[in-house]
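[1] Need a 3D model of the sequence below.
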Amino acid sequence: MNHIQGSLIYEGKAKRIFSSEDPNRVLIEFKNDATAFNAKKRSEIDGKGRLNCRISGALFKLLEANGIPTHFLELHSETIMFADKVNVIPLEVVIRNIATGSLCRETPINHGTILNPPLLDFYYKDDQLGDPILTERRLKLLDLINASQKEEVEEITESVNKILKEYFDSLDLILVDFKLEFGFNSLGKIVVADEISPDNCRFWDKKNSDPQDRILDKDRFRQDLGGVIDAYEEIFKRIENFSSNAS
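    Predicted coordinates:
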């Protein structure tokens, strides 16, 4: 893009990553592209990139303040953030507090079932393969992380879940589930990477009992419910209001 001086390193479904003057830092631009079902469904939603960037920035700051290592450094603009350059681990780590989505399609667990303790699953990050779920032995066979690194990833994910659940509860939101991605920074440290936004989290409005109206995340796009940008705006508004009241 013309407003970024660095060269394009990588372009994914929702973000572009550019080099910066510092070889250990990158610029991440959030796009307006919306995808679902491993990019089989596509659209462009004006304003989505701006909201996901700002929501992610606020949540990364929250995690950092609570001792969680992330790749986030600072916002560069409304759609671009500075981040540490990481070697991404090709894993998606999903933690579920309430059963919905694929878990209910693939098991007899009923939609809305509270999962206590939360369910943590690993998936192999590869769209062409459909991001398959990994058993313990498959994860070991792929040798993407060793046993101690796997334990660290699990501990970080569970800590993030605790922090975010309490935070969103204070915003009258239910954190249903979310996906995290990880990478190794220049020091070889495991950090939370990618983004944390309504694109990879499920949020339900605590004060709305309607099973469709309460949805404030990408399921509005997946399920053709409409109002996608309104839902993302609502999440951002509650985060902003909380920050204003706390300062």
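[2] could you list every residue that touches the closest residue to Lys218 other than its chain neighbours?
    The shortest distance from Lys218 to any residue other than its chain neighbours is 5.2 Å, reached at Asp199 (C-beta to C-beta, 6 or more residues apart in numbering). The C-beta positions use only the backbone N, C-alpha and C, and glycine is treated the same way. Under the criterion of C-beta atoms under 8 Å, 6 or more residues apart in numbering, the neighbours of Asp199 are Ala14, Lys48, Asn52, Asp217, Lys218.
[3] Now flag whichever of these is closest to Ile145.
    For Ile145, the closest of the contacts of Asp199 turns out to be Ala14, at 24.1 Å, with distances computed as C-beta to C-beta.
[4] burial of the closest one, as a residue count?
    Using other C-beta atoms under 10 Å as the criterion, Ala14 is surrounded by 21 other residues.
[5] just Tyr123 next, same as before
    Taking other C-beta under 10 Å as the neighbour definition, Tyr123 ends up with a count of 19.
[6] which residues touch the spatially most central residue of the chain?
    To find the centre residue of the chain, average its C-alpha atoms and take the closest one (C-alpha atoms, centre = their mean): that gives Ile196, at 3.3 Å. Listed by C-beta under 8 Å, 6+ apart, the contact set of Ile196 reads Ile55, Ser56, Leu59, Phe60, Leu63, Leu164, Phe178, Leu180.
[7] The fourth one reaches Leu73, doesn't it?
    No. Under the contact definition of C-beta atoms under 8 Å, Phe60 does not touch Leu73, with a separation of 9.0 Å.
[8] neighbour-wise, which of the two wins?
    Each of Phe60 and Leu73 had its neighbours counted (other C-beta under 10 Å), and the higher figure belongs to Phe60 (23 against 17).
[9] host element of the more buried one?
    Under the assignment given by DSSP states H and E, the secondary-structure element containing Phe60 is helix 48-65.
[10] again, but for Arg202
    The secondary structure element spanning Arg202 is strand 201-205 (assigned by DSSP H and E).
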